[in-house]
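Visitor: take a look and give me a structure for this.
(one chain, ligands or ions: 2)
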Amino acid sequence: MSMGQEVRYRVRGGRPLNGTAFVQGAKNAVLPMIGAALLAAKGRTVLRNVPVIEDVYRSLELAEHVGAKVEFHEAERTVVIDASCLNDPERAVLPADIAARFRGSVLFVPALMHRTGRARIEGVGGCNLGSRNLDFHYRGFARLGAEVTEDLELNHINVVADNLRGGRLYLDTPSHTGTENLIMAAVLSPGTTVIEHAALEPEVLDVIDFLTAMGAKISGGGTGLITVEGVEELTAVEHTIMSDRIDAGVFAMAVAATGGEVSLVGAHLDHLGVARWKMEQMGVEFAQQGAVLHVRRDPQAPLRPINAVTSPFPGFATDLQSPLMALATMAEGESYIHEAIYDGRFALADELNKMGAKIEVEGTRAIVHGPTNLRGTEVIAHDLRTGAALVLAGLVAEGETIVAPGYLVDRGHAQFANRLAALGADVERVSAS
Ligand SMILES: CC(=O)N[C@H]1[C@@H](OP(=O)(O)OP(=O)(O)OC[C@H]2O[C@@H](n3ccc(=O)[nH]c3=O)[C@H](O)[C@@H]2O)O[C@H](CO)[C@@H](O)[C@@H]1O
Ligand SMILES: C=C(OP(=O)(O)O)C(=O)O
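Guide: Ligands and ions are numbered 1, 2, ... in the order given. As a prediction, this is how the structure comes out:
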């Protein structure tokens with residue numbers, strides 16, 4: 001897979017979507033699980049249903065960098081990790097050239113603390129969505145006995161963890177990776193850890209299931225109050241990653257945009273939370289049959305406008321806010337979107353406006369005046385979901401839409417163009433030389 005900025009998505013609008021699409025394994029579950037696999041001192045971890053996305057490549061590069069042996073059997077969507085050699089503090093470094101390319105790099109810190117007593121982070125990346133602190137993580141590690149210092153000159157974080165033990169922790173807001181990271185820091189720390197105001201996202205529960213299979217003692221997942229009893233060791237196990245609810249939501253919104261009827265294999269309505277109700281209010285019909293979610297939108301019926309406020313699960317997922325904004329440009333009337341998680345997640349508005357949308361942004365609130373007839377042009381993917389949303393906009397726009405850099409879409413959606421094309425869309429992922 002190509003890594004540079006030269007990858008672009010080319011979309012020609014006007015085709016309905018029909019058929020069957022497979023939902024990938026969840027990016028936001030596999031990344032913490034790769035970090036968690038490094039907690040096992042013996043044996044080989046086998047992760048199944050791993051999405052073939054750039055963030056997984058980056059995560060596996062980091063795992064190798066710190067001393068694990070890694071195999072990615074892409075055709076089988078299976079990763080095998082042997083972390084038995086991970087015991088060299090000299091290698092407990094997350095270098096900027098890999099770590100700064102994705103957010104999930106911070107999820108390596110607990111394993112490095114437990115296995116080597118050290119961790120140095122030379123930069124943590126992720127989508128550029130405004131301020132994204134990691135203070136809940138570092139404060140939590142410190143409360144468990146780690147020494148966390150910041151080298152302001154080099155912009156490095158150094159963690160020394162010779163004597164971790166259970167403690168009473170809290171999160172100011174129910175941070176998704178914050179919860180996973182504090183659980184992972186606690187599982188091998190002697191004594192009891194209590195985490196208040198923990199996240200409820202389905203991926204957090206999948207990570208808890210994985211750690212529990214490894215031998216961890218965790219209770220209260222999904223209640224907001226998590227208790228961890230430290231154990232002495234964890235064993236390597238096999239685990240199948242849950243399906244990606246954001247990928248499912250993006251495909252459902254693609255159907256909402258173009259009209260048509262699509263079966264999403266692996267999608268679960270329960271995992272969509274409030275996004276399900278918002279799409280229904282806009283005119284999407286859902287029917288769950290076992291592990292298949294049928295999504296239908298009558299191309300003749302107008303899309304209705306929507307009000308949405310992003311919030312932690314089961315609220316409207318912030319990662320679906322961008323595709324929702326693209327959809328709102330097509331709705332008959334005024335939509336209102338309040339981004340309550342991030343203070344800089346509206347870069348999409350200007351790009352959609354370049355395509356003919358009428359979106360006004362004031363701080364973290366946006367008003368989308370629909371309906372507008374979008375026109376294809378060259379637009380910028382400022383982050384992963386902006387990229388996906390612009391591809392969706394391109395599916396209904398007149399003429400050709402070019403979305404770049406494609407790398408950002410490839411960070412989180414596997415075979416995005418091919419899966420849309422299989423439903424009838426005119427989308428290509430092209431590598432310019
Ligand atoms: C790899 C991964 O799982 N990414 C997801 C995860 O990101 P991530 O786990 O980074 O998101 P958080 O839930 O931690 O962040 C939510 C908010 O809390 C703030 N905050 C967070 C931690 C901290 O120590 N201090 C702090 O102030 C952030 O700046 C942000 O404004 O959840 C987000 C919210 O559902 C999703 O958009 C991301 O796709
Ligand atoms: C914000 C996202 O990811 P990350 O936290 O990895 O930047 C996302 O998945 O939309």
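Visitor: got the residues of the stretch 301-433 of the chain near ligand 2?
Guide: 319, 384-385, 412 (Cβ under 6 Å from any ligand atom). C-betas here are computed from N, CA, C, even on glycine.
Visitor: give me that answer again for 5 Å
Guide: By the rule Cβ under 5 Å from any ligand atom, the part of the stretch 301-433 of the chain lying against ligand 2 is 319, 384-385.
Visitor: okay, and which of those residues map to helices?
Guide: If you go by DSSP state H, those have 384-385 in helices.
Visitor: kindly reformat the residues of the stretch 301-433 of the chain next to ligand 2 as CSV containing neighbour count and pLDDT.
Guide: Below are these laid out as CSV (neighbours: other Cβ atoms under 10 Å; pLDDT from 0 to 100):
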residue, neighbour count, pLDDT
D319, 26, 98
L384, 27, 97
R385, 30, 98
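Visitor: okay, now the domains of the protein?
Guide: 7-24+243-431, 27-240 (automatic domain parsing).
Visitor: the helix or strand bottoming out on mean pLDDT in the chain near ligand 1 anywhere?
Guide: Using mean pLDDT, DSSP states H and E, the weakest-scoring helix or strand in the chain turns out to be helix 96-99, at a mean of 84. No - using Cβ under 5 Å from any ligand atom, we find that helix 96-99 stays clear of ligand 1, coming within 12.9 Å at best.
Visitor: thought P314 was touching L200?
Guide: Yes - counting by Cβ atoms under 8 Å, P314 does reach L200; the two are 7.2 Å apart.
Visitor: what about S431, how many residues close to it?
Guide: Residues near S431, counting by other Cβ atoms under 10 Å, number 11.
Visitor: ugh, wrong one, G424
Guide: For G424, the count of nearby residues is 16 (other Cβ under 10 Å).
Visitor: could you find the closest non-adjacent residue to it?
Guide: Spatially, and ignoring its direct neighbours in sequence, G424 is nearest to R15 (5.2 Å; Cβ to Cβ, 6 or more residues apart in numbering).
Visitor: surely that neighbour touches L420?
Guide: No - the pair R15 / L420 is not scored as a contact, 9.7 Å apart, by Cβ under 8 Å.
Visitor: what helix or strand does the spatially closest residue to A317 that is not a sequence neighbour sit in?
Guide: In space, and not counting its chain neighbours, A317 is closest to A275: 5.9 Å by Cβ to Cβ, 6+ apart. For A275, the host element (DSSP states H and E) is helix 274-282.
Visitor: the helix or strand following that helix pairs with which strands, and in what direction?
Guide: Using DSSP H and E, the helix or strand that follows helix 274-282 in sequence is strand 285-289. Strand 285-289 sits in its sheet next to strand 292-297 (antiparallel), going by DSSP bridges.
Visitor: go through the strand it pairs with and flag the buried ones.
Guide: For strand 292-297, burial by neighbour count (16 or more other Cβ atoms under 10 Å) applies to 293-297.
Visitor: between the residues of the stretch 301-433 of the chain next to ligand 2, which is nearest L264?
Guide: Distances from L264 to these, taken as Cβ to Cβ, are shortest for D319 (16.6 Å).
Visitor: got the contact list for the residue of the stretch 201-350 of the chain found nearest ligand 2?
Guide: For the stretch 201-350 of the chain, the residue closest to ligand 2 is D319, as judged by Cβ to the nearest ligand atom, at 4.0 Å. D319 makes contact with 246, 249, 385, according to Cβ atoms under 8 Å, 6 or more residues apart in numbering.
Visitor: apply 7 Å and report the result again.
Guide: 246, 385 (Cβ atoms under 7 Å, 6 or more residues apart in numbering).
Visitor: any idea how far it is from L31?
Guide: Distance of D319 to L31, given as Cβ to Cβ, to the nearest Å: 14 Å.
Visitor: with M279 instead?
Guide: 26 Å.
Visitor: equivalent analysis for N307, please.
Guide: N307 is 32 Å from L31, by Cβ to Cβ.
Visitor: which one of those two is surrounded by more residues?
Guide: L31 (26 against 13).
Visitor: the more buried one in helix, strand or coil?
Guide: Counting by DSSP: H, G, I helix; E, B strand; the rest coil, the backbone at L31 sits in helix.
Visitor: A helix includes P371, no?
Guide: No - assigned with three-state DSSP, P371 falls outside any helix and is coil.
Visitor: is it true that it touches A331?
Guide: Yes - contact status for P371 versus A331: in contact at 6.2 Å, counting by Cβ atoms under 7 Å.
Visitor: the residue lying closest to F136 once chain neighbours are set aside: neighbour count?
Guide: Nearest residue to F136, sequence neighbours excluded (Cβ to Cβ, 6+ apart): G178, at 4.2 Å. When counting by other Cβ under 10 Å, one arrives at 27 neighbours for G178.
Visitor: specify the local secondary structure of G178.
Guide: Under three-state DSSP, G178 falls in the helix class.
Visitor: would you mind listing the buried residues in stretch 73-88?
Guide: For stretch 73-88, by 16+ other Cβ under 10 Å, it's 77-84, 86.
Visitor: now the strands for the stretch 301-433 of the chain?
Guide: Ranges of strands in the stretch 301-433 of the chain, per DSSP state E, counting those that start in this stretch, are 307-309, 334-338, 358-362, 365-369, 378-380, 400-404, 426-431.
Visitor: on that earlier part again, between R15 and L420, which is the more surrounded one?
Guide: For R15 versus L420, neighbours defined as other Cβ under 10 Å are more numerous around L420 (27 against 19).
Visitor: does Y57 sit in a helix, a strand or a coil?
Guide: helix.
Visitor: okay, now I208: neighbour count?
Guide: Neighbours around I208, by other Cβ under 10 Å: 24.
Visitor: follow-up on the earlier one: closest one of the buried residues of stretch 73-88 to L327?
Guide: R77 (29.2 Å).
Visitor: ok, D298 touching G259?
Guide: Yes - using Cβ under 7 Å, D298 is in contact with G259, at 6.5 Å.
Visitor: circling back to that earlier point, between P371 and A331, which is the more surrounded one?
Guide: Ranked by neighbour count (other Cβ under 10 Å), P371 and A331 place A331 first, with 21 against 17.
Visitor: could you check how far the closest residue to R168 other than its chain neighbours is from ligand 1?
Guide: Leaving out its chain neighbours, the residue that sits closest to R168 by Cβ to Cβ, 6+ apart is V194, at 5.2 Å. Taking Cβ to the nearest ligand atom, to the nearest Å as the measure, V194 and ligand 1 are separated by 18 Å.
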